[in-house]
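Asks: give me a 3D structure for the following:
(one chain, ligands or ions: 2)
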Amino acid sequence: MDFHDIKKIESPEFYIDKAFRQTARETKKLRLRGKTPLDKVKYKEMKKLDFIEESLCNDINKIVSSFPSFHKLPLFYQELININIGLTNLKKALATLTWIKNKIKELKTKLKAKMKEAKDFRKINSVRKEFYGRVNSLFKRKADTFRFLESARRTMETFPTLKTKMPVVCICGYPNVGKSTLLKNLCGSKVEIKPYPFTTQRLLLGKIKQGNKKIQVIDTPGLFDRPLKERNKMELQSILALKYITSVIVFIIDPSEACGYSLENQLSLLKEVSVKFKKPILVIVNKIDITPEKNLQTAREGVKEFRNIETSVNNEENIPQIKKEIFKLLRSLKK
Ligand SMILES: Nc1nc2c(ncn2[C@@H]2O[C@H](COP(=O)(O)OP(=O)(O)OP(=O)(O)O)[C@@H](O)[C@H]2O)c(=O)[nH]1
Ligand SMILES: [Mg+2]
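Replies: Ligands and ions are numbered 1, 2, ... in the order given. You can find the predicted model right below:
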């Protein structure tokens with residue numbers, strides 16, 4: 001699924017100005033029809049209403065149809081939209097655009113009929129002005145809808161573009177433990193790495209190729225050991241990835257506790273993730289370059305039931321071995 005095709009949503013003024021410019025251009029090209037001067041003016045002014053309507057409705061159609069059909073999206077994306085934007089609000093905003101479009105069409109039909117009945121130039125002009133004024137206010141009254149849709153589009157653009165047939169490996173763990181550093185070293189992705197928590201605020205995608213096998217690797221925002229209902233928006237995205245798209249989990253712990261969180265809490269989260277998602281797990285015992293021996297012993301005890309690798313991803317240690325283990329776990333899934 002790729003959300004990059006959604007059309008940029010501009011301000012109401014943009015569409016109105018464009019419609020007027022287009023109308024001026026098209027009107028110049030018109031061959032006037034009618035027997036009397038009044039008929040000719042009527043013809044021209046009625047055409048103007050058509051041009052305005054056509055331009056605005058085309059733009060609305062382009063926006064609405066560039067959004068995906070939400071009910072056809074995989075559940076992962078539906079829930080991702082729900083967490084980040086609100087699916088109901090998004091559907092409502094798109095319905096508002098369609099409502100504006102229908103209103104313009106309705107208005108045009110009504111005012112064209114009124115124009116047809118006009119007996120003098122003044123009346124024709126006043127009907128045209130009424131149409132322009134009402135269309136203008138219809139658009140401008142809904143400026144919030146346009147702003148909301150543009151912000152939704154920008155959010156959706158950041159969603160990972162996943163290939164459905166390519167397996168997904170999910171890197172997760174407490175904040176600040178080295179998840180993004182691992183993604184960078186596994187996939188060569190350019191990611192933000194900072195010495196404080198909550199650096200990664202959304203799902204990031206990288207890829208690894210080995211021979212003719214390609215896999216997708218997702219780096220997630222940090223998770224805490226706490227109940228689902230207390231989780232924030234960032235954590236919920238990680239949970240979605242673990243629940244819907246992950247084949248193999250790479251769980252990182254930082255036994256040095258330099259991340260700012262206790263080893264005990266990290267190990268408790270590891271247990272919870274393994275029980276809740278029931279997927280193969282590779283545990284990365286990270287930052288051994290700065291881990292005191294005592295903590296390392298506790299970590300070894302805590303992860304012994306899992307396949308695990310001790311490393312310092314910062315120093316690019318054991319990266320080939322981590323890749324090998326990931327592919328091994330993926331192969332074991334097919335058996
Ligand atoms: N000493 C040491 N520091 C490391 C190691 N791996 C990562 N770090 C440091 O830990 C900090 C956090 O690294 P990130 O990769 O941003 O951690 P993260 O888990 O993605 O963090 P969030 O996105 O905030 O959850 C950075 O300062 C890294 O340089 C390591 O093996 N050894
Ligand atoms: Mg990160």
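Asks: CA atoms for contacts and neighbours, from now on please.
Replies: Will do.
Asks: distance check, Q216 against V169.
Replies: 6 Å (Cα to Cα, to the nearest Å).
Asks: neighbour count for the two, which is higher?
Replies: Legend: neighbour count by other Cα atoms under 10 Å for Q216 and V169, higher for V169 (26 against 20).
Asks: and the more buried one, that's in a strand?
Replies: Yes - assessed with DSSP: H, G, I helix; E, B strand; the rest coil, V169 lies in a strand.
Asks: pretty sure it is touching F251, no?
Replies: No - V169 is beyond contact range of F251, at 10.3 Å (criterion: Cα atoms under 8 Å).
Asks: do you know the pLDDT at the residue sitting nearest the centre point of the chain?
Replies: Centroid check for the chain by Cα atoms, centre = their mean gives M156 as the closest residue, at 1.8 Å. What the model reports for M156 is a pLDDT of 97.
Asks: check K335 too.
Replies: Predicted confidence (pLDDT) for K335: 69.
Asks: for T164, same thing?
Replies: 89.
Asks: please report how far it lies from C170.
Replies: 15 Å.
Asks: and those two? Which one has more around it.
Replies: Between T164 and C170, C170 has the larger neighbour count (other Cα under 10 Å), namely 27 against 11.
Asks: can you spell out which residues form a bridge with the more buried one?
Replies: In this structure, C170 bridges to I218, I249 when assessed by DSSP bridges.
Asks: show me where the stretch 151-300 of the chain has strands.
Replies: 168-173, 204-210, 213-219, 248-253, 281-285 (DSSP state E, counting those that start in this stretch).
Asks: using CSV, write out every CA atom in the shortest one.
Replies: The C-alpha coordinates for strand 281-285 follow below in CSV (Å, rounded to 0.1, in the frame of the first residue of the first chain):
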residue,chain,number,x,y,z
ILE,A,281,11.7,-13.6,18.8
LEU,A,282,15.4,-12.8,18.5
VAL,A,283,16.7,-10.9,21.5
ILE,A,284,19.5,-8.4,21.1
VAL,A,285,21.4,-7.7,24.3
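Asks: which elements pack onto that strand?
Replies: Applying 3 or more Cα pairs under 8 Å, 6 or more residues apart in numbering; DSSP states H and E, one finds that strand 281-285 makes contact with strand 248-253, strand 307-310.
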